[in-house]
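A.B. asks: only the shape, not the letters, is given here:
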């Protein structure tokens, strides 16, 4: 298997407010669930359609190819087929993306990023502070249908790398340690009642079903890519089953902002040590029994922001970088580049990576609250000399 | 004066339908004048605001800097200050662009690209097939007011290179040879009645007034940049007046698609000869008495499209590239790169250039009608290996 060198098309088909705040103008919505409920139908439609047509186009794929990437991970919503009002489907956009990917020799990883009533309660899970999908059998079946339709549609496309049936199902540990409902407060407390993390046993059962619905539709060279549910070391027994051999990849998401919460020192040396001692060693170990990729990561860190972001909380969570101390451009460039190189070396011990994310519309030049946040943007990071110009 | 190495931010604040057709969905509008007249107010507003927020952002300026550009020419509409219903002003966007330009050490050329009832009748002049502005004294005064306000607002900004008071006022010769009202048919023939090109005498009179309104507001290192009105060789006497010395640049727009109409052979050798014998020699000659820049040009040509585009007419004008013969990727790469290098050498005899354009949303991979048209996109051209990666 060729090493995966990829990037996420975050915020294209699954919105995240902080990445294109303009779409949320005039509303108090914090997530994609409430946006169409707060806007007149035709305004919602005009914003979404314009966003989808403009945020990503063929030229982005030309650029990805030019910098040496071979993969693009595309988060898609459960309403992709247009059968969940008030949302607007986006299968046409994904169809176009396959044509672009194939034109430029890139592979697409289709990532089901949201579910009805959410699998994690994150703002990027579609509805903040709510995590009830796994308790709703009909909605679980709905998601399985979506997955089968995606597999059927793209399973033999040259441009397909594989399908991720579920992004970031939240574990008990993360649910508690991140204090998800405090970080992403539900807009409707009643609706959020009964929210709970997703157990390992339940998740394995769902993955069994997802496998059965997806795998039969896939050509030989495609993968089912299972997110680890924030339990990187739990999958040895499950994923080494004979049926999976050669057909699965374990996906784990590793961010320095989370490492900081686990005690990583907020300095360049601290990050480099953590990357070497944790990221690299853990990936190497897990990869010894199952191919493991890092489907989300970035060079973002509190040291370069100039303040403790308390696990990557932004102005939207009340942690405003406008008051941070100034980090010189030179120090930032050095730190980001060294972190990038060390981390790429770590991921090289596994199946590869997808950076989070390709592009964002935050404007740190005009909005000091966002200073330091532009390292989430791979394209910009390369142009600023924060990341190798041609990825390895 | 440092050589100008720039690019146009076409289609950001002044729309061109072919560059973001999505904005025109569900309408028959061919230009920016009829768009708000065919859409419900809130839909128009949602589309325009989303477009402006997404089409260009800080990251574009980071990329321009990375590839070695030093200038960005920004076409702006006459309604930039928001005082011409039903259009929406965009001075906030231009303000932001100045912050971005200054952050990355780029200079902005503010180009007044449209006028009420138009100075050329082009689709990109705001209203197709109508050219009556110069005959409307109140509207001429309105434009002079806009120019003075722009000069007053940005005249001492570090990020300002200069101001172009009027883009492409059409000459008698071009009006006839391009058959403007046939190429860009007016939607309302009555409104178009009385349209006429702009005489050289009238234009000089307008430039006198524009100079008086702009120049007093400019810092010493800024320029008034006069478009040649498609009369590159007519300006010696006017622009060598003592008052202009060191403060003006002549702007000329030179496209191979126009050269083709003047008899340039549609082959790589034909283009190279034309570039050497016409572009380079003419720029050198004019630059001997006044600094002359090429404010618009690109590598687009009929040979690489695979068919005669009859002066750059597209599917929107009924000349559909879907039926063109296939030009191999290798031949295209060779031709575009050689044309780029030869043309850059030609412009090097003058004050510099701005490529038209930075970015487009056409989708030739999914829409064969647009094959060959992506060379208008400088960012994409660089990523495809059609243009030097670091401009000189």
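C.D. replies: Nice, thanks for sending it over. Just so you know, these numbers come straight off a predicted model, no measurement behind them.

A.B. asks: drop to CA atoms for contacts and neighbour counts, all remaining ones
C.D. replies: Noted.

A.B. asks: in chain A, which residue is most central in space?
C.D. replies: Central residue of chain A (CA atoms, centre = their mean): residue A:296, 5.4 Å from the mean position.

A.B. asks: can you tell me, leaving aside adjacent residues, what's nearest to that residue?
C.D. replies: residue A:253 (4.7 Å; CA to CA, 6 or more residues apart in numbering or on different chains).

A.B. asks: distance of that neighbour relative to residue A:206?
C.D. replies: Using CA to CA, to the nearest Å, one gets 20 Å for the distance from residue A:253 to residue A:206.

A.B. asks: cool, and residue A:12?
C.D. replies: The value you get for residue A:12 to residue A:206, if CA to CA is used, is 27 Å.

A.B. asks: next: residue A:299.
C.D. replies: For residue A:299 relative to residue A:206 (CA to CA), the value is 32 Å.

A.B. asks: the more surrounded of the two?
C.D. replies: More crowded of residue A:299 and residue A:206, by other CA atoms under 10 Å in any protein chain shown: residue A:299, with 28 against 18.

A.B. asks: give me the element the more buried one is part of.
C.D. replies: Per DSSP states H and E, residue A:299 falls between elements, in no helix or strand.

A.B. asks: list the contacts of it.
C.D. replies: A:255-256, A:336, A:339-340, A:375-376 (CA atoms under 8 Å, 6 or more residues apart in numbering or on different chains).

A.B. asks: would you turn those residues into JSON lines with neighbour count?
C.D. replies: Formatted as JSON lines, the contacts of residue A:299 follow (neighbours: other CA atoms under 10 Å in any protein chain shown):
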{"residue": "A:255", "neighbour count": "18"}
{"residue": "A:256", "neighbour count": "23"}
{"residue": "A:336", "neighbour count": "23"}
{"residue": "A:339", "neighbour count": "24"}
{"residue": "A:340", "neighbour count": "19"}
{"residue": "A:375", "neighbour count": "26"}
{"residue": "A:376", "neighbour count": "21"}
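
A.B. asks: among those residues, which lie within helices?
C.D. replies: A:256, A:336, A:339-340 (DSSP state H).

A.B. asks: and which of those is nearest to chain B?
C.D. replies: Chain B has its nearest neighbour among the ones in helices among the contacts of residue A:299 in residue A:336, at 16.1 Å by CA to the nearest CA.

A.B. asks: in stretch A:183-193, what counts as buried?
C.D. replies: Buried residues in stretch A:183-193, counted by 16 or more other CA atoms under 10 Å in any protein chain shown: A:183-187, A:192.

A.B. asks: now tabulate these in TSV and tack on pLDDT.
C.D. replies: Shown next, in TSV, are those (pLDDT from 0 to 100):
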residue	pLDDT
A:183	93
A:184	95
A:185	95
A:186	97
A:187	97
A:192	97
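
A.B. asks: restrict those residues to those near chain B?
C.D. replies: With the criterion set as CA under 8 Å from any CA of the partner chain, no member of those is near chain B.

A.B. asks: quick one: which of the residues you listed sit in helices?
C.D. replies: Those of these lying in helices (DSSP H): A:183, A:192.

A.B. asks: which one of the buried residues of stretch A:183-193 is nearest to residue B:332?
C.D. replies: residue A:184 (50.8 Å; CA to CA).

A.B. asks: who's in contact with that closest one?
C.D. replies: Residues near residue A:184 by CA under 8 Å, 6+ apart: A:121-123, A:128-129, A:317.

A.B. asks: around chain B, which positions in chain A sit nearby?
C.D. replies: A:22-23, A:42-43, A:46-47, A:49-51, A:53-55, A:57-59, A:62-63, A:65-66, A:96, A:99-100, A:103, A:361-363, A:365-366, A:379-380, A:383-384.

A.B. asks: need the buried ones from the residues you listed selected in PyMOL.
C.D. replies: Restricted to buried positions by 16+ other CA under 10 Å, the PyMOL selection for the residues of chain A next to chain B reads:
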select buried, chain A and resi 22+23+43+46+47+49+50+51+53+54+55+57+58+59+62+63+65+66+96+99+100+361+362+363+365+366+379+380+383+384
